[in-house]
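Trainee: Okay, sequence plus prediction incoming.
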Amino acid sequence: MDNLLTNDLQGRYIRSMEIYHVLNRGVDKRQVFMDKQDHLRFIHDLYEFNDQDRVETTYFKFRDFGASGRVATSPNKKHRKLLVDILAFCLMPNHYHILLKPKVERGMSLFMQKLNAGYTKYFNQKYERTGALFQGRYKQVPVIDETHFLHLPFYIHFNPLDLSHPEWRENKIANPEKALEFLKSFRWSSHLDYSGIKNFPSVLNSKVLMEVFESNKDYEKLVESYLKDIQIDPEVTLE
């Protein structure tokens, strides 16, 4: 597997970039995405709250555009001043993963504060509940070396296999072809966008990782290789 990550590819890693793996889960391990609309709302919030200016969350509506994955915006919406670049993400029933790069000082903390608070407000209103939705402050894991950086997108995108092929966490998959089919059917991550299928491209800045993968086909080849010879260990747990 590692021979696919050529010296030239590894050399593309930009060591000066500040990148973090951010994750959090529901309080008491509770489910935080109950239906399709909840997933769409959180993905909408990934887009909408990524703005240095104040965001009026009732001003815009997010709709599911299917294959195009566009975020509905008003023609009067001014240009966003981004807090972070979102490089990859995955939504699981009771937690989320985001790979991001801050663009401004305190960009990550401001973005995560708005994201968690905004989604909690939506969720509590919809389900007529009060109190915290997420388990304390989000966890942030800095990307400290090249190997970590190269493996993280696959670890994040493989999380949905917990729902179909949980043995992947033991570094084995009995049926890689079935696992790949499942990942292609799972919409709530950035995996499809990197595979060349427009899902939610307006949320992502895919340029950083595409400098590594080079093409959608090369990304898909790496995914297939990892699934056949999986050696991806989580660097942090949600205890």
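Mentor: In hand now; what should we look at? Numbering: from 1, shown residues only.
Trainee: For the rest of this, base every contact and every neighbour count on C-alpha atoms.
Mentor: Will do.
Trainee: Count residues in the vicinity of F186, would you?
Mentor: 16 (other C-alpha atoms under 10 Å).
Trainee: Could you do N199 as well?
Mentor: Neighbours around N199, by other C-alpha under 10 Å: 23.
Trainee: helix, strand or coil for it?
Mentor: Secondary structure assignment for N199 (DSSP: H, G, I helix; E, B strand; the rest coil): coil.
Trainee: Next: Y96.
Mentor: strand.
Trainee: Repeat that for the one 4 residues further on.
Mentor: Classification of L100 by three-state DSSP places it in strand.
Trainee: can you pull out the strands in the chain?
Mentor: 20-25, 84-92, 95-102, 139-142 (DSSP state E).
Trainee: Same list (these) but as JSON lines, adding distance to I156 and mean neighbour count.
Mentor: Formatted as JSON lines, the strands of the chain follow (distance: least, C-alpha to C-alpha, whole Å; neighbours: other C-alpha atoms under 10 Å):
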{"stretch": "strand 20-25", "distance to I156": "9", "mean neighbour count": "22"}
{"stretch": "strand 84-92", "distance to I156": "6", "mean neighbour count": "23"}
{"stretch": "strand 95-102", "distance to I156": "6", "mean neighbour count": "22"}
{"stretch": "strand 139-142", "distance to I156": "13", "mean neighbour count": "16"}
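Trainee: can you tell which of those is closest to M34?
Mentor: Ranking those by their distance to M34 (criterion: C-alpha to C-alpha) puts strand 84-92 first, at 10.3 Å.
Trainee: Which strands or helices does the closest one pack on?
Mentor: strand 95-102, helix 107-127, helix 146-158 (3 or more C-alpha pairs under 8 Å, 6 or more residues apart in numbering; DSSP states H and E).
Trainee: how about TSV for these, with mean pLDDT and distance to V32 added?
Mentor: Listed next are the helices and strands packed on strand 84-92 as TSV, based on pLDDT from 0 to 100; distance: least, C-alpha to C-alpha, whole Å:
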stretch	mean pLDDT	distance to V32
strand 95-102	97	7
helix 107-127	96	8
helix 146-158	92	18
